Each structure stands twice: as structure tokens, then as C-alpha cells.
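Student: Please work out how this folds:
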Amino acid sequence: MFTFTVKPDGSEEADWFEIQAVSRDVYQWEHTGRGRNLKVLDEQLSMTAMYEIAHIAGRRLGLVDVALAEWVRTHDLDFEQDAEPDPTQPAP
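Tutor: Model (predicted):
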């Protein structure tokens, strides 16, 4: 669902890494707070949500071993939302 390029503080480009967040990571994010859902991500995407989802996915993948506050303090993120067809719309 999301692809994050993670840039740790003080790192060279060769040390950057990617995290793929999938539906189960968004599911976990939705269950960590009231009013969180996929519609909110689509309509009101925030960096807070992106950092939280990247952290959840990174922990699942074994790429992140620090608390969220430390993660935010020491890493920059670039991200892309993977295009998924809208099942409610007819195919082109």
C-alpha cells in the first residue's frame, strides 16, 4: 500500500532502505487510535500517520528496533502510495 524510503540521520544514500507497508500494517495502525481508517488516509494524509505506519511495518519486517519517538527523531521518510484500482469504479 505504501513504499517508504528511509533515510537515517547521518547516513549516506547507500545506507538508505525501503519499507513496504501492506494492508496488515494499515490494519494495525487503524486499531491504535479512534477514528483511524483508510478513508482518513485517502482524504487527510498526514506525516504522523505515515511515520506510524512505517514504524509498524518496519517492526514487522525486523528493520526497526527503536520506539516510535526515537524513530521520528532520527529518520526521514520519503514515500509513495502504491496505486490500487478502485473496486467501485469500472475498469478503463
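Student: part of a helix, is Asp76?
Tutor: No. Counting by DSSP: H, G, I helix; E, B strand; the rest coil, Asp76 falls outside a helix, being strand.
Student: who are the neighbours in contact with the closest residue to it other than its chain neighbours?
Tutor: Distances taken as C-beta to C-beta, 6 or more residues apart in numbering put Lys7 closest to Asp76, at 4.3 Å, once the chain neighbours are dropped. Heads up, the C-betas are built off the backbone N, CA and C, glycines and all. Under the criterion of C-beta atoms under 8 Å, 6 or more residues apart in numbering, the neighbours of Lys7 are Trp16, His75, Asp76, Leu77, Asp78.
Student: Name the member of these that has the highest neighbour count.
Tutor: In terms of neighbour count, His75 stands highest of these at 20 neighbours, by other C-beta atoms under 10 Å.
Student: wait, what's in contact with that residue?
Tutor: Val6, Lys7, Pro8, Asp9.
Student: what does Pro8 give?
Tutor: So Pro8 contacts Asp15, Trp16, Thr74, His75 (C-beta under 8 Å, 6+ apart).
Student: now what about the top helix by length along the chain, what contacts it?
Tutor: Assignment by DSSP state H gives helix 47-61 as the longest helix of the chain. With contacts defined as C-beta under 8 Å, 6+ apart, helix 47-61 is touched by 2, 4, 6, 19-22, 24-26, 28-29, 32, 36, 40-41, 64-65, 68, 71-72, 77, 79.
Student: what do you get for stretch 20-28?
Tutor: Met1, Phe2, Thr3, Phe4, Leu38, Leu41, Ile53, Ala54, Ile56, Ala57, Arg60, Leu61.
Student: And the residues you listed, which of them are buried?
Tutor: Among those, those classed as buried by 16 or more other C-beta atoms under 10 Å are Met1, Phe2, Phe4, Leu41, Ile53, Ala54, Ile56, Ala57, Arg60.
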